[in-house]
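S.K.: Quick check, what structure comes out for this input:
(2 chains)
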There are 2 protein chains.
Amino acid sequence: MGWVFDEDTRLEPTEPGRWKVEVSDRWNIGAAPNGGFLMSMLVRASAELSPHPHPLTVTAHFLGRTEPGAASVEAAVVKPGRSFSTVEASLVQDGRIRVRMLGTFGDLDRQSGPTRIVARRPDPGPELVSSSLNTAAVPFAERVELQMPPEQAAGALGTPTGIARMVGKARFADGRPPDLVSLALFADAFPPTVFQLGHYTWIPTIELTVHFRAKPAPGWLWCDFRTRFLIDGLMEEDGEIWDETGRPVALSRQLARVPG
Amino acid sequence: MGWVFDEDTRLEPTEPGRWKVEVSDRWNIGAAPNGGFLMSMLVRASAELSPHPHPLTVTAHFLGRTEPGAASVEAAVVKPGRSFSTVEASLVQDGRIRVRMLGTFGDLDRQSGPTRIVARRPDPGPELVSSSLNTAAVPFAERVELQMPPEQAAGALGTPTGIARMVGKARFADGRPPDLVSLALFADAFPPTVFQLGHYTWIPTIELTVHFRAKPAPGWLWCDFRTRFLIDGLMEEDGEIWDETGRPVALSRQLARVPG
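M.R.: Below you'll find the predicted structure:
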């Protein structure tokens, strides 16, 4: 038995640039698979096809709801380059594109140039509690372990803090170490920031972009998600993901709809 | 005579979803057209095709250098939807894709839902000076007027401030009011933040994502661009654009390469 994430993002090749997948319901938020989980499958397929091994920047647009069950992934190299390659991919179900992705891949091991970081790993404070989401309604919560400050954990469940921010730690519940592909999942793993403003509803992601900045070390991922601009029911959610050793490993931003 | 931006982003339809364009050298930074300018053309083409009029979130990947001169734009609706439509577009030159774009369009006039903004318009301080870039080397500087604090203007020209941030105001030099399409241009209009760290070199954009949050009012755009994570020669540049009336109108983020 391998890790659940690897089982559930397994790609079965059917022809060049095309794979059969079985969208598991084990990563559902309610009735729908988590968007970052779906994105991870597209990143994995694209990495198989790309002449360059590592995602650097990937954008997924969510066109329609994906249902658990049979689906296919299609990917194509838009342009293979010397330093970078651009790839696009789609998750297709019942003949309809549900997720469309465009990404540029490179090789982080050979990437060189200046480094200067003027930010610190998010500090969720000394006292962290495990989120206690109902795993019957949110199977995803059985797959990904989240720890956060008590007031934010309470805020995710009905007592909003009033600040559209979620800070905490995340890891696979089964002990699988994080890697580049799974950072797309972790970029969408926390409850929506606007739960902390009392908007307890389904917050559909329109688009999610992840910048993959370094391979994460084993251990917890330290995460910070915040929303500063909720305008007419559209919000950005900006994320930072750092690894256990204190290195920034991903930046994310999504545009999502807040009904109401 | 119309505005230069409209002349230079004019699309001549040749067949459905295909336009002839003439890439002007009037928006060049050195020998290459500004990336935001190229992106504007793709946004304009996509908006013509999309059942929904306004770009909401658009991502452009820059695959290779576009030369001034003849080119074509191709666009296709990936999925028309009820609230949103997803469109992809390419800038093609000499049979090769130079820029690939994926975007979701909607209707900002009909967008409704909660609003909550917890940020303020960037304050570049009381004393602003016009940037005095050499317009022979940077024709773009004749098209777009930038104002910024004196130390940042000096930093863009050789005396780095040491802080990877550019804050200031921008507008078309010929008086054209900003609109949604042109926000893609303004998202890439300031000198690279890393000039302020002394990296005075060509900083190629790999990918630029713009969230279009509101139609800008006539007048100056107030802009703030910053970089927090320069790692192994890759940096993000995060932008905020506000309009003259104090409304946030766009968020941008790009991934760019810093040689060295």
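S.K.: right, is stretch A:100-118 up against chain B?
M.R.: Yes: using C-beta under 8 Å from any C-beta of the partner chain, stretch A:100-118 reaches chain B at A:100, A:102-104, A:108, A:111-118. Just so you know, the C-beta spots here come from the backbone N, C-alpha and C atoms, and that holds for glycine as well.
S.K.: what mean pLDDT does that stretch have?
M.R.: Averaging pLDDT along stretch A:100-118 yields 98.
S.K.: How is chain A divided into domains?
M.R.: A:4-106, A:129-257 (automatic domain parsing).
S.K.: Could I get those in CSV, plus columns for mean neighbour count?
M.R.: Listed next are the domains of chain A as CSV, based on neighbours: other C-beta atoms under 10 Å in any protein chain shown:
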stretch, mean neighbour count
domain A:4-106, 20
domain A:129-257, 21
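S.K.: Which residue ranges of the stretch 51-200 of chain A form helices?
M.R.: A:140-143, A:150-157, A:180-186 (DSSP state H, counting those that start in this stretch).
S.K.: Does anything pack onto the second one? Which helices or strands?
M.R.: Here helix A:150-157 touches strand A:129-130, strand A:165-172, going by 3 or more C-beta pairs under 8 Å, 6 or more residues apart in numbering or on different chains; DSSP states H and E.
S.K.: Next: the shortest one.
M.R.: Counting by 3+ C-beta pairs under 8 Å, 6+ apart, no packing neighbours are recorded for helix A:140-143 among the helices and strands.
S.K.: Name the surrounding residues that touch it.
M.R.: Under the criterion C-beta atoms under 8 Å, 6 or more residues apart in numbering or on different chains, residues A:4-5, A:26-29, A:34, A:37, A:131, A:133-135, A:172-174, A:189 lie in contact with helix A:140-143.
S.K.: What is the nearest of those residues to residue A:146?
M.R.: Of all the contacts of helix A:140-143, residue A:146 sits closest to residue A:131, with 4.3 Å by C-beta to C-beta.
S.K.: list the contacts for the residue lying closest to that closest one once chain neighbours are set aside?
M.R.: The spatial neighbour of residue A:131 that comes closest, neighbours along the chain excluded (C-beta to C-beta, 6 or more residues apart in numbering or on different chains), is residue A:146 at 4.3 Å. Residues near residue A:146 by C-beta under 8 Å, 6+ apart: A:130, A:131, A:168, A:169, A:170, A:189, A:190.
S.K.: Kindly recompute the last result at 7 Å.
M.R.: Residue A:146 is in contact with A:130, A:131, A:168, A:170, A:189, A:190, counting by C-beta atoms under 7 Å, 6 or more residues apart in numbering or on different chains.
S.K.: State the distance from residue A:30 to residue A:68.
M.R.: 11 Å (C-beta to C-beta, to the nearest Å).
S.K.: An error on my part: the question was meant for residue A:171.
M.R.: 24 Å.
S.K.: swap in residue A:250?
M.R.: 26 Å.
S.K.: what do you get for residue A:28?
M.R.: For residue A:28, the distance to residue A:68 - C-beta to C-beta - is 7 Å.
S.K.: Give me the pLDDT value at the residue nearest to residue A:133 when sequence neighbours are not counted.
M.R.: Leaving aside its sequence neighbours, residue A:133 sits nearest to residue A:141 (C-beta to C-beta, 6+ apart; 4.0 Å). Note for residue A:141: predicted pLDDT of 94.
S.K.: contacting residues around residue A:115?
M.R.: Counted by C-beta under 7 Å, 6+ apart, residue A:115 has contacts B:230, B:231, B:232.
S.K.: which of these come close to chain A?
M.R.: B:230, B:231, B:232 (C-beta under 7 Å from any C-beta of the partner chain).
S.K.: Longest helix of chain A, counting residues only.
M.R.: helix A:35-49 (DSSP state H).
S.K.: what does the average pLDDT come to for it?
M.R.: 98.
S.K.: Output that helix as PDB, restricted to C-alpha atoms.
M.R.: Provided in PDB are the C-alpha atoms of helix A:35-49 (Å, rounded to 0.1, in the frame of the first residue of the first chain):
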ATOM      1  CA  GLY A  35      -9.800  22.000  -6.400                       C
ATOM      2  CA  GLY A  36      -6.200  21.800  -5.400                       C
ATOM      3  CA  PHE A  37      -6.400  18.000  -5.500                       C
ATOM      4  CA  LEU A  38      -7.700  18.100  -9.100                       C
ATOM      5  CA  MET A  39      -5.000  20.600 -10.000                       C
ATOM      6  CA  SER A  40      -2.400  18.200  -8.600                       C
ATOM      7  CA  MET A  41      -3.400  15.600 -11.100                       C
ATOM      8  CA  LEU A  42      -3.000  18.100 -14.000                       C
ATOM      9  CA  VAL A  43       0.400  19.100 -12.600                       C
ATOM     10  CA  ARG A  44       1.500  15.500 -12.400                       C
ATOM     11  CA  ALA A  45       0.400  14.800 -16.000                       C
ATOM     12  CA  SER A  46       2.100  17.900 -17.300                       C
ATOM     13  CA  ALA A  47       5.300  17.100 -15.500                       C
ATOM     14  CA  GLU A  48       5.300  13.700 -17.200                       C
ATOM     15  CA  LEU A  49       5.000  15.300 -20.600                       C
END
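S.K.: Any residues of the stretch 151-260 of chain A in contact with chain B? List them.
M.R.: With C-beta under 7 Å from any C-beta as the criterion, the stretch 151-260 of chain A meets chain B at residues A:197, A:199, A:206-207, A:209, A:211, A:213-214, A:228-234, A:236, A:248, A:251, A:253, A:255, A:258-260.
S.K.: Who does the residue nearest to residue A:131 form a beta bridge with?
M.R.: residue A:170 (DSSP bridges).
S.K.: same check, this time on residue A:97
M.R.: Assigned bridge partners for residue A:97, using DSSP bridges, are residue A:92.
S.K.: In contact with it, which residues are there?
M.R.: A:63, A:90, B:78, B:79.
S.K.: if we go to 6 Å?
M.R.: A:63, A:90, B:79 (C-beta atoms under 6 Å, 6 or more residues apart in numbering or on different chains).
S.K.: what's the closest of these to residue A:182?
M.R.: Nearest to residue A:182 among those, with distances taken as C-beta to C-beta, is residue A:90, at 20.5 Å.
S.K.: Test my guess that the closest one contacts residue A:75.
M.R.: No: between residue A:90 and residue A:75 there is no contact under C-beta atoms under 6 Å: 7.6 Å.
S.K.: For the closest residue to residue A:87 other than its chain neighbours, give me its contacts.
M.R.: Spatially, and ignoring its direct neighbours in sequence, residue A:87 is nearest to residue A:46 (4.2 Å; C-beta to C-beta, 6+ apart). Residue A:46 makes contact with A:75, A:87, A:89, A:103 under the criterion C-beta under 6 Å, 6+ apart.
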